[in-house]
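A.B. asks: For reference, the sequence and a predicted model appear below.
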Amino acid sequence: MSTASSTESSNAEPGAPAPAGRRPAGERAGAERTTAPGRFGALVDRFAPALGAYAVVKATGLTVFMMLLTHTGDYLRKDPGRGGGAQPWDVLGTWDGIWYQRIAENGYDPQLIPLHGFPLASYYENSAAFFPLYPWLMRLVGTVTGLGPYGSGIVVSVLASFVAAAGIFAVAERLGGWRAGVVAAVIWGLFPGSGVEWAVYSDSLFVALSAWACYCVMTRRWVVAGLLTLAAGLNRPTAAALIAAVSLAALVALIRRTDGVVRPLTAMLITPWGLIWYVAWVGYRMGDWGGYFKLQRGAWNRYFDGGASTFRTILDVVTGHWNFWQSNPAPDLIAIALLIALPGLLVLLLRLRPPLVLVIYTLLTIFTALSSNQIFDNISRYLLPAFPLCIGLAVVLRRVRFSSLVGLFAMPAVAAGWYAGYALFELGIP
């Protein structure tokens, strides 16, 4: 399978936007866009509609989320670290957000401290379970702006979410044209689990790095793809899927000699070192080279089990048995709905015959999300990085009239405030 889109014309430069006066592939007749002068103007003309549409659906969902929080007031009675706070917007900095704020403020102190008397926990929770790139950027933004950890985290996440939406647009544009790119960015903003995109979470940053790394592979910018993948390895452990995807795509290019030797080989050599370095550093500081994995299992009950726990939980949810570990009915049912839609989204993507890097990245991201013991309602968030799933659907919808698209996405934009916001943070554990 080629690392370039099968929908490109043979004489088009990889990654280049369609020339002025010619519609990109998949653009509807009569949908020509005016192009602003200059390089910056061309970038604005290309990306602004996707980012503007993304901003609208995110702002709508966030407004509904805040309205629901204000309506119930339940956040006032919850622990500040577990979905509570003094103001509705404080909820966006709870759960994992509390840990990132502590790291940004105080740094790390990796330890394995035994915990007794709990059947599912053998170690105390420790901040070393959370990767460093996002809190590093939080600290940098705080130093420059004077914002506290919460404000810095929100700034980094929101900015990263727009970079991610731009990357998703760019990837989808190559596969289905400009309109498909805009729709893909909107769908990602409405995806179950998308409530963390504008919260003190590292997910938006990870998707930004992943989307642009995949785009760089598609456009044969191998060294940049390798560097972005290295950075992603400093952000989340699930970067292993991206590392494998970029490395295998580079290996294919190396075997076929399509891009020489040096650049694909360089990408292969540098991709894993962010992930390897952090896991090794944690192990060194703990005095146990497997310390990171022991902490994940012993403190958070996260470990690979081949999907056994996911399968059992699916059976429990669909039969109405809510007695499994960390059962949360509303977000659990949302996760079931997403899993029902998952095969269809995957089929729509594969019909496009996408580049190898997208196929491997998507399949491994899905495998990672479903093959580990974890809180079941987290599946909606763990599948959020699988952004190529949005592209196949976007290509199907690209020929729908603009007015019809607005009507189609209006209710999901409102409902996202509940299913991707309130249900995730207040009725479950993101």
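C.D. replies: Received, thanks.

A.B. asks: Show me what the strand or helix carrying Ala337 is packed against.
C.D. replies: Using DSSP states H and E, Ala337 falls within helix 329-350. For helix 329-350, the packing partners by 3 or more Cβ pairs under 8 Å, 6 or more residues apart in numbering; DSSP states H and E come out as helix 308-318, helix 356-370, helix 379-382, helix 389-397, helix 423-425. Using the backbone N, CA and C atoms, a C-beta is placed for each residue, glycine as well.

A.B. asks: Adding mean pLDDT and mean neighbour count, write those out as TSV.
C.D. replies: Below are the helices and strands packed on helix 329-350 laid out as TSV (pLDDT from 0 to 100; neighbours: other Cβ atoms under 10 Å):
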stretch	mean pLDDT	mean neighbour count
helix 308-318	93	16
helix 356-370	97	21
helix 379-382	94	26
helix 389-397	96	23
helix 423-425	96	26
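
A.B. asks: Which one, of the ones you listed, ends up nearest to Tyr278?
C.D. replies: helix 356-370 (17.1 Å; Cβ to Cβ).

A.B. asks: So which residues make contact with that closest one?
C.D. replies: Here helix 356-370 makes contact (Cβ atoms under 8 Å, 6 or more residues apart in numbering) with 1-3, 171, 210, 214, 217-218, 238, 240-242, 244-246, 248-249, 252, 307, 310, 342, 346, 349-350, 379, 382-383, 385-386, 388-389, 391.

A.B. asks: between it and helix 329-350, what angle do the directions make?
C.D. replies: Relative orientation of helix 356-370 and helix 329-350, computed by axes from the mean of the first three to the mean of the last three Cα atoms, to 10 degrees: 160 degrees.

A.B. asks: Next secondary structure element downstream of helix 356-370?
C.D. replies: Where DSSP H and E defines the elements, the next helix or strand beyond helix 356-370 is strand 372-373.

A.B. asks: Mean confidence (pLDDT) on that following strand, please.
C.D. replies: Strand 372-373 carries an average pLDDT of 90.

A.B. asks: Now do Thr7, the pLDDT please.
C.D. replies: On the pLDDT scale, Thr7 is placed at 35.

A.B. asks: What about the spatially closest residue to Leu427 that is not a sequence neighbour, how many residues nearby?
C.D. replies: Excluding the flanking residues, the one nearest Leu427 by Cβ to Cβ, 6 or more residues apart in numbering is Ala330, at 4.4 Å. Neighbourhood size, Ala330 [other Cβ atoms under 10 Å]: 16.

A.B. asks: What pLDDT is listed against Ala330?
C.D. replies: Ala330 is given a pLDDT of 93.

A.B. asks: Run through the residues that contact it.
C.D. replies: Ala423, Leu427, Gly428.

A.B. asks: Closest to Gly97 out of those?
C.D. replies: Nearest member of the contacts of Ala330 to Gly97, counting by Cβ to Cβ, is Gly428, at 14.8 Å.

A.B. asks: Correct me if wrong: that closest one contacts Leu333.
C.D. replies: No: in this structure, Gly428 is not within contact of Leu333 by Cβ atoms under 8 Å, at 10.3 Å.

A.B. asks: Which one's more surrounded, these two?
C.D. replies: Gly428 (25 against 15).

A.B. asks: For the more buried one, grab phi and psi.
C.D. replies: Phi and psi for Gly428, reported as degrees, to the nearest 10, are phi -140, psi -160.

A.B. asks: same question, Thr258
C.D. replies: The phi/psi pair for Thr258 (degrees, to the nearest 10) is phi -80, psi -30.

A.B. asks: So for it, what's the pLDDT?
C.D. replies: 89.

A.B. asks: residues of the helix or strand hosting Ala299 that come out buried?
C.D. replies: Per DSSP H and E: Ala299 is located in helix 291-300. For helix 291-300, the neighbour count (16 or more other Cβ atoms under 10 Å) marks Gly291, Tyr292, Phe293, Lys294, Leu295, Gln296, Arg297, Gly298, Ala299, Trp300 as buried.

A.B. asks: Let's see the ChimeraX selection covering just the buried ones among the contacts of helix 356-370.
C.D. replies: Selection of buried members from the contacts of helix 356-370 for ChimeraX, criterion 16+ other Cβ under 10 Å:
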select :2,3,171,210,214,217,218,238,240,241,242,244,245,246,248,249,252,310,342,346,349,379,382,383,385,386,388,389,391
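
A.B. asks: A helix includes Pro80, no?
C.D. replies: No: counting by DSSP: H, G, I helix; E, B strand; the rest coil, Pro80 is located in no helix; its state is coil.

A.B. asks: neighbours around it, how many?
C.D. replies: 14.

A.B. asks: what does Gly407 give?
C.D. replies: With other Cβ under 10 Å as criterion, Gly407 counts 11.

A.B. asks: what residues does the helix or strand hosting it touch?
C.D. replies: Take DSSP H and E as the rule and Gly407 turns out to sit in helix 402-416. Helix 402-416 is touched from outside by 56-57, 60-61, 64, 183, 186, 189-190, 194-195, 397, 400, with contacts defined as Cβ under 8 Å, 6+ apart.

A.B. asks: which of those sit farthest apart?
C.D. replies: Gly195 and Val400 (25.9 Å).

A.B. asks: Look at these two and report which has more neighbours.
C.D. replies: Neighbour count, other Cβ under 10 Å: between Gly195 and Val400, Gly195 has more, with 30 against 15.

A.B. asks: Quick check: buried residues in stretch 110-129?
C.D. replies: Quick answer for stretch 110-129 (16+ other Cβ under 10 Å): Pro110, Leu112, Ser122, Tyr123, Asn126, Ser127, Ala128, Ala129.
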